[in-house]
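[1] sequence and predicted structure, then a few things I'm wondering about:
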Amino acid sequence: MLHTALRPIFFALAAALLLGPSSAGAHTLPQERKVVAQVSGDRVEILVEFLEPPNDRVQLLLRRFDLDGDGELRGAEAKLAGGAWSKYILAGLQFEVVGESPAAQEPEIKFRRAQKGALTSLLYMRWDLPQLAPGATRTLRLKMQADEKTVPTAISFSPGEATDIREIAVPLRFKSNLDAAVLNPGERAHLRVEVAAARPSPSADSP
């Protein structure tokens with residue numbers, strides 16, 4: 001099975017986010033958070049999409065970091081704003097690579113503001129890890145803090161390059177429909193993958 005790294009997906013989604021039409025209206029949108037996690041033999045990649053409805057928090061972020069006053073956060077502005085906004089996006093959400101200590105790369109973030117003031121952000125994170133041998137497993141655990149302010153979070157797990165899923169654990173109410181899984185405050189989930197054996201190279205005598 002061919003698996004696609006999440007970083008190209010991040011840029012594709014970011015392009016759609018920045019170029020696509022937005023119909024987000026005031027007073028109709030709750031906070032929303034979605035997480036896509038992919039585990040490979042040498043890394044873990046996370047995409048987080050976060051929707052913040054029109055409010056004073058969005059206005060404050062723009063006043064601080066929209067340096068050219070165009071109502072958007074791009075380039076250097078997005079990088080600066082991301083340093084503050086990423087903590088808010090991830091509030092109440094904990095990731096753990098069980099038994100390992102990942103080396104985190106600098107996260108990347110993109111923003112898009114709807115005409116009526118809602119702000120959507122897309123955060124990409126990558127953690128590098130030692131390459132696992134064929135047959136070895138790696139487990140990513142996701143936990144929501146038991147706080148009423150923690151935003152319910154839709155989750156999606158997938159194997160990465162050269163790995164196969166061995167176990168996905170989500171709340172029981174989603175066992176029959178993993179694609180619909182949403183974690184509430186205090187809940188947890190995990191993904192366990194196994195590194196696939198290397199496929200033999202075609203021999204020189206193969207037709």
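    Yes, it's here.

[2] going forward, measure contacts and count neighbours with C-alpha atoms only.
    Fine.

[3] pLDDT on stretch 146-156, on average?
    For stretch 146-156, the mean per-residue pLDDT is 94.

[4] how far off centre is it?
    Stretch 146-156 has its C-alpha centroid displaced from the chain centroid by 14 Å (CA atoms, centre = their mean, to the nearest Å).

[5] over to stretch 78-89?
    14 Å.

[6] the residue most central in space within the chain sits in which helix or strand?
    Against the mean C-alpha coordinate of the chain, by CA atoms, centre = their mean, the closest residue is residue 47 at 1.8 Å. For residue 47, the element it lies in under DSSP states H and E is strand 43-52.

[7] for that strand, name the packing helices and strands.
    Here strand 43-52 touches helix 6-19, strand 32-39, strand 119-128, going by 3 or more CA pairs under 8 Å, 6 or more residues apart in numbering; DSSP states H and E.

[8] which strands border the shortest one, and is each parallel or antiparallel?
    Taking DSSP bridges as the criterion, strand 32-39 sits next to strand 43-52 (antiparallel), strand 153-159 (parallel) in its sheet.

[9] and the helix or strand just after the shortest one, how far out from the chain's middle?
    Right, the one you point to is strand 153-159. Sequence order places strand 163-169 as the next helix or strand after strand 153-159, per DSSP H and E. Centroid displacement of strand 163-169 relative to its chain, using CA atoms, centre = their mean, is 18 Å.

[10] what about stretch 175-187, start to end distance?
    In stretch 175-187, first residue to last residue: 14 Å (CA to CA, to the nearest Å).

[11] repeat that for stretch 176-196.
    26 Å.

[12] which of the helices or strands spans residue 190?
    Residue 190 belongs to strand 188-195 when assigned by DSSP H and E.

[13] which other helices and strands does that strand contact?
    Judged by 3+ CA pairs under 8 Å, 6+ apart, strand 188-195 is in contact with strand 137-144, strand 163-169.

[14] so what's the residue lying closest to residue 160 once chain neighbours are set aside up against?
    Nearest residue to residue 160 in three dimensions, chain neighbours excluded: residue 40, at 4.2 Å (CA to CA, 6 or more residues apart in numbering). Residue 40 makes contact with 159-163, 193, 195, according to CA atoms under 8 Å, 6 or more residues apart in numbering.

[15] where does the prediction get shaky in the chain?
    1-29, 115, 198-207 (pLDDT under 70).

[16] one more time with 90, if that's ok
    Across the chain, the ranges flagged by pLDDT under 90 are 1-31, 71, 113-117, 148, 161-162, 175-176, 178-179, 196-207.

[17] residue contacts, the closest residue in space to residue 128 that isn't next to it in sequence?
    In space, and not counting its chain neighbours, residue 128 is closest to residue 43: 4.4 Å by CA to CA, 6+ apart. By CA under 8 Å, 6+ apart, residue 43 lies in contact with 126-131.
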